[in-house]
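> Task: produce atomic coordinates for the following.
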Amino acid sequence: MERVTFFIKSSNFAWIDGRSDDPDDLCSHGEVIVQIGDEELAYFCCTSAAAMRMLRTLTQDHEIMDSLCGEQMLPCCGFEMYADETGQNVFISGCPNGVDFAVHHQDGDLILTTEDGKKFAVSMEDYRREVLKFAHQVESFYTQCSIKNQSQDEYAWNGYQAFWNEWKRRMEAENEYK
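Residues are numbered from 1 along each chain as shown. Just a heads-up that it's a prediction; the model follows:
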């Protein structure tokens with residue numbers, strides 16, 4: 001299978017209500033376009049959950065999920081975040097809406113499969129570069145906004161903390177990779 005180009009374009013970062021800042025909203029949103037060869041996957045999604053899922057695919061495979069579980073690569077929302085028992089990893093639950101694609105590591109490349117079954121070979125280096133660029137854009141949006149108010153919901157706040165613990169660990173591992 002011949003390699004194709006891979007790009008991620010993101011824009012219009014905002015909180016769920018469309019505001020540019022919201023100290024109570026824990027999940028960022030925005031327009032995301034994933035370009036895989038001539039295939040364009042575009043969705044207004046939860047960018048924080050999307051970036052986390054893509055960061056995970058730098059080291060592990062991702063299967064196209066049953067749409068009811070809300071674990072798409074470009075999820076509509078990420079309204080529930082649950083910390084694991086260590087507080088170092090997060091499970092992000094959403095709704096059935098979103099766009100998904102599978103990611104499989106194969107011989108130093110990635111095989112990406114869209115929901116309609118199209119398969120594409122992508123260079124791991126191109127994929128890594130684009131995922132990290134996207135993750136930096138998401139993180140930059142958070143740092144430009146107000147510090148988040150600690151949620152009254154202990155589970156939500158613990159999930160948010162676990163999100164950033166996992167994020168930091170994955171970003172540091174990628175920086176060491178360079």
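
> Backbone dihedrals for Ser151, please?
For Ser151, the backbone dihedrals (degrees, to the nearest 10) come out as phi -60, psi 150.

> So it sits against Gly159, correct?
No - with contact defined as CB atoms under 8 Å, Ser151 does not count as touching Gly159 (9.0 Å). From N, CA and C alone the C-beta is placed, and that goes for glycine too.

> List the buried residues for the helix of greatest length in the chain?
For the chain, the longest helix by residue count, based on DSSP state H, is helix 154-177. Buried residues in helix 154-177, defined by neighbour count with 16 or more other CB atoms under 10 Å: 156-163, 165-167, 170, 174.

> Give the other helices and strands that it contacts.
Helices and strands touching helix 154-177, by 3 or more CB pairs under 8 Å, 6 or more residues apart in numbering; DSSP states H and E, are helix 47-56, strand 80-83, strand 90-93, helix 124-144.

> Check the ones you listed for me and report the most buried one.
Using mean count of other CB atoms under 10 Å, the stretch among those with the largest mean neighbour count is helix 47-56, at a mean of 25.

> next structured bit after that helix?
Going down the chain from helix 47-56, the next helix or strand is strand 74-75, by DSSP states H and E.

> what does that next one contact?
The contact list for strand 74-75, computed with CB atoms under 8 Å, 6 or more residues apart in numbering, reads 32, 34, 41, 43, 45-46, 49-50, 53, 92, 94-95, 97-100.

> Can you say which of those residues are buried?
32, 34, 41, 43, 45-46, 49-50, 53, 92, 94-95, 98-100.

> which among those gets closest to Leu112?
Val34 (8.8 Å; CB to CB).

> Okay, and the beta partners of that closest one?
Applying DSSP bridges to Val34 gives these bridge partners: Ile8, Leu41.

> Distance of it relative to Asn158?
Note on Val34: its distance to Asn158, by CB to CB, to the nearest Å, is 30 Å.

> And for Val131?
Per CB to CB, Val131 is found 26 Å from Asn158.

> what do you get for Thr47?
Applying CB to CB to Thr47 and Asn158 gives a distance of 21 Å.

> any idea of the pLDDT on Ser48?
Per-residue confidence (pLDDT) for Ser48: 97.

> Pull the contacting residues for the nearest residue to it once chain neighbours are set aside.
Nearest non-adjacent residue to Ser48, counting by CB to CB, 6 or more residues apart in numbering: Ser28, 4.7 Å away. Contacts for Ser28 (CB under 8 Å, 6+ apart) come out as Phe13, Ala14, Trp15, Cys46, Thr47, Ser48, Val138, Phe141, Tyr142.
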